[in-house]
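Q: Predicted model and sequence follow; I will ask about them next.
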Amino acid sequence: MKTPLSRRTLLRGAGVGLALPFLESMQPALARTQPTKPRRMLAICNNLGLLPDYFFPKTTGRDYALSPYLELLQAHRNHFTVFSGVSHPNVDGGHPADVCFLTAAPHPGSSSFRNTISLDQFVAERIGIQTRFPSLTLGVNTRSRSLSWTGTGVAIPPEDKAAEVFRQLFLQGNAAEVAAQLQRLDTGRSILDTIAGQASELERTVSAHDKERLDQYFTSVRDLEHRLTVSRGWENKPKPVIKAPVPVDPGSPAAYMDKVKVMYDLARLAFETDSTRAITLMLEGVSSPVLEIAGVKITDGYHNLSHHGKSESKRAQLKAIDEWHMKLLADLFTSLEATKEGDESLLDRTMVLYGSNFGDANTHVTTNMPVILAGGGFKHGQHLGFSTQQNYPLPNLYVSLLHRFGLEADRFASSTGTMRGLELT
């Protein structure tokens, strides 16, 4: 029998080490009918929340009517569960609550507050040794507001520069080799150009299915490289002094949605190459400027819009921003579903948790949090609605996610058990 490829196989060039996605050739011939595939988790917090009247469905169960925002996820209805009436017990304090999204540590606004371990780090401590990176902590427009916290209550600073994360994932070698490869990327030369010979040789030795899988993966790497190169180039160019308004380039914090998309793409590639199995992403809106949204004129900062005071003009702009969040989330689900891992998709193996610390950012309410869970091997296609007056503990969901990882955990933070109504496939 042919010796299977190692799951940690790298295609190597000067300053480059490109990991491979899951291939059927990585399994012994007799084991390919039931390949061993890992579980993963991507946890995303939008720290300015969503307009609740457009997000929450009015009916519950499996036949619930999609809300306006969830209509944008219609194609994936059977791949996600939406929750209402959930929150973290005793997590209050308005904006400071975002750092408790994955910890559920109480009273983040108090002077004596000390955070606790986050869900991703709980996972990383137990299975992180199985991958090159125990976890990845990412952010959009922030290097301080973190979702990831150690067991001693220390924040892990998020990376908000996609190119830096890309370098960590794919560039290896000494400083001169890495610098040379970055220069090649700046001039439009793909990592794949550096390892073209090895890639071609690999494609000649694998099955037709694997060859198709590699082609899909290499295409996604080239697309991501192109976006990163464009962004990096603009960031290094001085801005001209002109009288007309300066257009927003891809490197600007105002290009918020572009940043969200590239982070989603990075997360998918990190999972596809099994570089890590736990990723957090803080979508920071509080310090973000006036956003550039295609087809919509935004006139105020994201934070100010969230405090709309029921102004129809502000709500309309905020709704446009929220809808883009949902569109990008739908695109993420689509890309994970299209990425195959054996007889399953990457979405089947990845728990995507999307939510916010705010139930309503306009009034700083931290109850009735908007939460979606997609993929990961659960029976989805339902709205689990709990009491909006006596909220159900969201940490119960976290216990269910830990169990899906195969980890034994009776409790996490203020949980009282597993998530009621959420079943495995």
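A: Sure thing, it's come through.

Q: Thr350 versus Met419, what's the distance?
A: If you measure Met419 against Thr350 using Cβ to Cβ, to the nearest Å, the figure is 18 Å. All C-beta spots, glycine's among them, are computed from the backbone N, C-alpha and C.

Q: what about those two, which has more around it?
A: Neighbours were counted for Met419 and for Thr350 using other Cβ atoms under 10 Å; Thr350 has more, 27 against 24.

Q: can I assume that one is in contact with Gly375?
A: Yes: at 5.0 Å, Thr350 counts as touching Gly375 under the criterion of Cβ atoms under 8 Å.

Q: so what's in contact with those two at the same time?
A: Each of Leu336 lies in contact with both Thr350 and Gly375 under the rule Cβ atoms under 8 Å, 6 or more residues apart in numbering.

Q: The residue nearest to Ile127 when sequence neighbours are not counted and His95, how far apart?
A: Among residues not flanking Ile127 along the chain, Arg277 sits closest, at 6.4 Å (Cβ to Cβ, 6 or more residues apart in numbering). Distance from Arg277 to His95, counting by Cβ to Cβ: 30 Å.

Q: So which of these two has more stuff around it?
A: Arg277 (26 against 18).

Q: In this structure that one contacts Ala43, no?
A: No: with contacts defined as Cβ under 8 Å, Arg277 does not count as touching Ala43, sitting 11.9 Å away.

Q: got any ranges where this protein has weak pLDDT?
A: 1-4, 7-8, 14-15, 27-36, 172-173, 227, 229-251 (pLDDT under 70).

Q: Contact partners for Phe207?
A: Just so we're on the same page, residue 207 is Ser rather than Phe. Ser207 makes contacts with Glu24, Ser25, as judged by Cβ under 8 Å, 6+ apart.

Q: For it, grab phi and psi.
A: Backbone torsions for Ser207, taken as degrees, to the nearest 10, come to phi -70, psi 170.

Q: What distance do you get for it to Leu169?
A: Counting by Cβ to Cβ - Ser207 and Leu169 are separated by 26 Å.

Q: And for Ser335?
A: Using Cβ to Cβ, Ser335 is found at 17 Å from Leu169.

Q: how about the strands in the stretch 251-400 of the chain?
A: All strands of the stretch 251-400 of the chain, identified by DSSP state E, counting those that start in this stretch, fall at 278-283, 340-341, 344-345, 350-355, 371-374, 382-385, 392-393.

Q: mind checking the SS state of Leu214?
A: Secondary structure for Leu214, judged by DSSP: H, G, I helix; E, B strand; the rest coil, is helix.
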